[in-house]
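**Q** what follows is a predicted structure for the sequence shown.
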Amino acid sequence: MVIPYFIKKTALKKTSILLLYLFFSFVCTHAQRNFVVDNKGTLIESHNLVTTATNPPSNPIHGDVWFDSTTNITRVWEGTIWKALLGNTIGDLKYGVETIDHEGWIKLDGRAIATLETTQQTQAAALSFSGNIPDARNRTLMMRGTGVIGDLGGDTTVPILQVNLPNLSLVATLTNAGNHTHTYTDMNPDFSGRRGGGASTLLSAEVNTVRTTSTNGTHLHTVNIASGGSNTAITINPSFLQTNVFIYLGY
C-alpha cells in the first residue's frame with residue numbers, strides 16, 4: 001500500500017506540533033519550581049519566592065528564600081529574621097582561629113553591645129546580656145550551675161592556707177644537758193652585842209659564805225620550728241592551646 005506524500009507530510013507536521021506542545025507544556029509546568037543549594041551542597045526545592053541579591057528582599061513572607069550574593073549564604077525568612085541555612089541558632093558558641101567577626105559570629109571580647117548591628121543588639125538583649133557581651137579572653141568555659149549567664153569567676157592561682165595543710169604535729173627533742181646548779185654568796189653582816197652585863201663585845205659570824213642551790217630545777221623551753229616557706233601561691237593554669245571564642249548573633 002502506498003501512502004500519498006501529502007498525507008505523510010501532514011502527519012509529520014502534526015507530530016512536530018504535538019512534540020512542541022508537550023515540550024512547552026513541560027516547561028510551563030516546571031517553570032515555577034525553584035531550587036536552592038544550601039552551604040552543605042544539598043539541593044532544596046522551594047515553592048516560595050527565591051531572590052538572589054546583595055540586600056534582603058522587602059516584604060518577605062514566611063518561607064521566602066534569599067541567596068545573599070555578598071556572603072554566598074542562603075537564608076530563609078522565619079517571620080522575624082533571615083536565618084542562614086547553616087544549622088546555627090542564636091546563642092551558639094564555638095571555638096575558632098578566626099580573628100574577627102564573620103557570618104553572624106561575634107567574637108566574645110567584652111565589647112559594648114551598642115557597637116553591634118541593630119539586629120545583633122536585639123539578639124544580645126534576648127540572651128540577657130546588658131552593657132557588654134561576655135569577655136572570654138584568658139577564660140575557660142564552664143556549665144552554669146548558679147549565677148547568671150556571662151558571669152566571670154575563678155582565679156588562676158590559689159594560696160595554701162593552714163586549714164589546707166595535713167593534720168600533723170612537729171616534735172622537737174632537746175638534749176638532757178639542762179640539769180644544772182646555781183651558786184650564790186651568803187653575805188652575813190658583822191654585828192655588836194653585849195655579853196652579860198659588861199661592855200659591848202664584837203661577835204664574829206660567817207661572812208661571804210658561798211652556797212650552792214639544789215639541782216631540782218625541772219623547767220620548760222619553748223621551741224619555734226620554721227617551715228622554710230615563702231607564701232608563694234600555686235598556679236592552677238593547665239597546659240592550653242589559644243583560640244578565639246565566638247557567639248552566634250545572626251545578621
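**A** Arrived safely, thanks for sending. Residues are numbered from 1 along each chain as shown.

**Q** C-alpha only now, for contacts and for neighbours.
**A** Noted.

**Q** where in the stretch 151-251 of the chain is pLDDT low?
**A** Scanning the stretch 151-251 of the chain with the threshold set as pLDDT under 70 gives 174-179, 185-209, 214-219.

**Q** and the strands in it?
**A** Using DSSP state E, counting those that start in this stretch, the strands of the stretch 151-251 of the chain run over 157-158, 183-186, 191-194, 200-203, 209-212, 234-235, 244-248.

**Q** equivalent analysis for the stretch 1-150 of the chain, please.
**A** Applying DSSP E, counting those that start in this stretch to the stretch 1-150 of the chain gives strands spanning 34-37, 43-46, 50-53, 65-68, 73-77, 82-84, 93-96, 105-107.

**Q** quick check: which of the ones you listed is nearest to Val163?
**A** Judged by C-alpha to C-alpha, the one of the strands of the stretch 1-150 of the chain that comes nearest to Val163 is strand 93-96, at 38.9 Å.

**Q** the closest residue to His182 other than its chain neighbours: neighbour count?
**A** The shortest distance from His182 to any non-neighbouring residue, by C-alpha to C-alpha, 6 or more residues apart in numbering, is to Thr213 (5.6 Å). For Thr213, the neighbour count with other C-alpha atoms under 10 Å is 11.

**Q** helices of the stretch 1-150 of the chain, start to end?
**A** Listed in chain order, the helices of the stretch 1-150 of the chain (DSSP state H, counting those that start in this stretch) span 5-30, 118-126.

**Q** same check on the stretch 151-251 of the chain?
**A** Under DSSP H, counting those that start in this stretch, the stretch 151-251 of the chain gives no helices.

**Q** Val50 and Asp68 touch, don't they?
**A** No. The criterion here is C-alpha atoms under 8 Å, and Val50 misses it with Asp68 at 10.8 Å.

**Q** circling back: quick one, what contacts the residue nearest to His182?
**A** With contact set as C-alpha atoms under 8 Å, 6 or more residues apart in numbering, Thr213 has these partners: 181-184.

**Q** now list the buried members of those residues.
**A** If you count burial by 16 or more other C-alpha atoms under 10 Å, none of the contacts of Thr213 comes out as buried.
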